[in-house]
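Enquirer: Just to be clear, the model below is a prediction. Sequence and coordinates:
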Amino acid sequence: MKEFQIHDLDSAPEKSKPLLQKSIQGFGLIPGLHGVMAESPSALAAYQDLHQHFLDSSFDADEMTVVWQTINVEHNCHYCVPAHSAIAKSMKVDDAINNALVDKTPLPSEKLEVLRDTTLAIVRERGVVPDRVLERFYAAGYTQQNLLDIILGLAQKVMSNYTNHFAKTPVDARLAKFVR
């Protein structure tokens, strides 16, 4: 099978070069995922846009981590689980939250547990979620905006998780300490 190239500024298609420069500005380097996605400037641009939109969503850092890591773990993404462990650390998310997500153990609050359960239901049921799940979600204090923002996070994670599965993206050296 043909291997995916991990592009840098020299090898990337011309339209991907400014996008990779944006990655360098944001992360100090080109993450392997971005190097792979650079093969399709449209995919990389969409991924970067979705990432920014999710950062600007209705969720706080803990909740973003719950959505991202729930999806990463469910999709068994060898690259995104450690990447989002590092991101959680940089966002000052309590290690107990990230560890519970990665280890599939109870979260430290019922509200975050409801967010994980709802996210899992959306992923597993492909958006056809039973009313009781949504009732519990709303009863926990979440809103319709929050529900739509889970879908936004899922769109982003489908792009990255699936890309990493196909490309077998090597985990970046800086993420190695977060691999389990």
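Expert: Structure received.
Enquirer: Contacts made by the longest helix along the chain with the rest, please.
Expert: If you go by DSSP state H, the chain has its longest helix at helix 144-167. Contacts with helix 144-167, where a contact means C-beta atoms under 8 Å, 6 or more residues apart in numbering, come from 3-4, 6, 33, 36-37, 43, 46-47, 50-51, 53-54, 57-59, 63-64, 67-68, 71-72, 75, 77-80, 115, 118-119, 122-123, 127, 134, 137, 169. Every C-beta, even on glycine, is put in place using the N, C-alpha and C of the backbone.
Enquirer: ok, and for that helix, which residues are buried?
Expert: Neighbour-count burial for helix 144-167, counted by 16 or more other C-beta atoms under 10 Å, picks out 146-147, 149-150, 152-154, 156-157, 159-161, 163-164, 167.
Enquirer: Could you list the low-pLDDT ranges of this protein?
Expert: Counting by pLDDT under 70, the chain contains no low-confidence segment.
Enquirer: Let me know whether Leu120 touches Thr70 as I believe.
Expert: Yes: applying C-beta atoms under 8 Å, one finds Leu120 in contact with Thr70, separated by 6.0 Å.
Enquirer: what kind of secondary structure is Asp8 in?
Expert: Classification of Asp8 by DSSP: H, G, I helix; E, B strand; the rest coil places it in coil.
Enquirer: Break the chain down into its structural domains.
Expert: Domain assignment for the chain, taken from automatic domain parsing, gives 7-56, 60-178.
Enquirer: Of the buried residues of helix 144-167, just say which sits nearest to Met91.
Expert: Closest to Met91 out of these is Gly153 (14.1 Å), distances taken as C-beta to C-beta.
Enquirer: Leu120 and Thr70 - which one has more neighbours?
Expert: Comparing Leu120 with Thr70 by other C-beta atoms under 10 Å, the one with more neighbours is Thr70, at 26 against 16.
Enquirer: distance of that one from Thr118?
Expert: 9 Å (C-beta to C-beta, to the nearest Å).
Enquirer: if we can go back for a sec, I'd like to know which of the contacts of helix 144-167 are buried.
Expert: Neighbour-count burial (16+ other C-beta under 10 Å) is assigned, among those, to 4, 6, 33, 36-37, 43, 47, 50-51, 54, 57-59, 63-64, 67-68, 71-72, 75, 77-80, 115, 118-119, 122-123, 134, 137, 169.
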